[in-house]
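Below is the sequence, then the predicted model.
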Amino acid sequence: MLETSKDILYLVVAFCILWFTVFLCWTLYYVVRILKNANEIVEEFRARLQILTDAINYVRGKVENISALMNGMAGGVGSAVKNMVSKKAKEWVSGGTEKFNKAAKDAVDKAVEATAKKMKKAARKMR
């Protein structure tokens, strides 16, 4: 079977190529798992962002309805109440926007932290 040193060389090269291929497949598997986890985090963030957007739109609609009712009900007094309601609504939406920005920042920080942990864990496993 092994007649010359060239046969031994071919056998060693074939073995090395086999192990290199196994290593590449294993590495690709872990890269795909990391990307899948990152995608799940992004999808979760999008879902929460959509919920927040729907809540803000709902409140905005209610404020607009109240504002329209106040405008139709009274003249001078209604105008003062409308200004007060609009001011409160703007303050509330501004506060809600700040909370929304904080919630979005927290969600992104959480996603980055989780992905970093998973990447570190995968890197430790690869060593």
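Structure's in. What do you need?

And residue 103, what's its pLDDT?
Looking at residue 103, its pLDDT reads 68.

same deal with residue 87?
For residue 87, the predicted pLDDT is 68.

before we move on, what about residue 110?
The model's pLDDT for residue 110 equals 75.

Helix or strand for residue 53, just tell me which one.
helix 5-73 (DSSP states H and E).

counting contacts, what elements does that helix pack onto?
Contacts defined by 3 or more CB pairs under 8 Å, 6 or more residues apart in numbering; DSSP states H and E place helix 5-73 against helix 76-126. All C-beta spots, glycine's among them, are computed from the backbone N, C-alpha and C.

Where in this protein is the helix or strand with the lowest mean pLDDT?
Lowest by mean pLDDT, DSSP states H and E among the helices and strands of the chain is helix 76-126, with a mean of 64.

Now do residue 118 against residue 3, distance only.
51 Å (CB to CB, to the nearest Å).

So which of those two has more stuff around it?
Shown here are residue 118 and residue 3; by other CB atoms under 10 Å, residue 118 has more neighbours (16 against 7).

OK, contacts around the more buried one?
34, 37 (CB atoms under 8 Å, 6 or more residues apart in numbering).

I'd like to know how far it sits from residue 38.
From residue 118 to residue 38 the distance is 8 Å (CB to CB).

and if you look at residue 68?
In this view, residue 68 and residue 38 are 45 Å apart by CB to CB.

When those two are compared, which one has more neighbours?
It is residue 38, of residue 68 and residue 38, that has more neighbours when counted by other CB under 10 Å, with 16 against 11.
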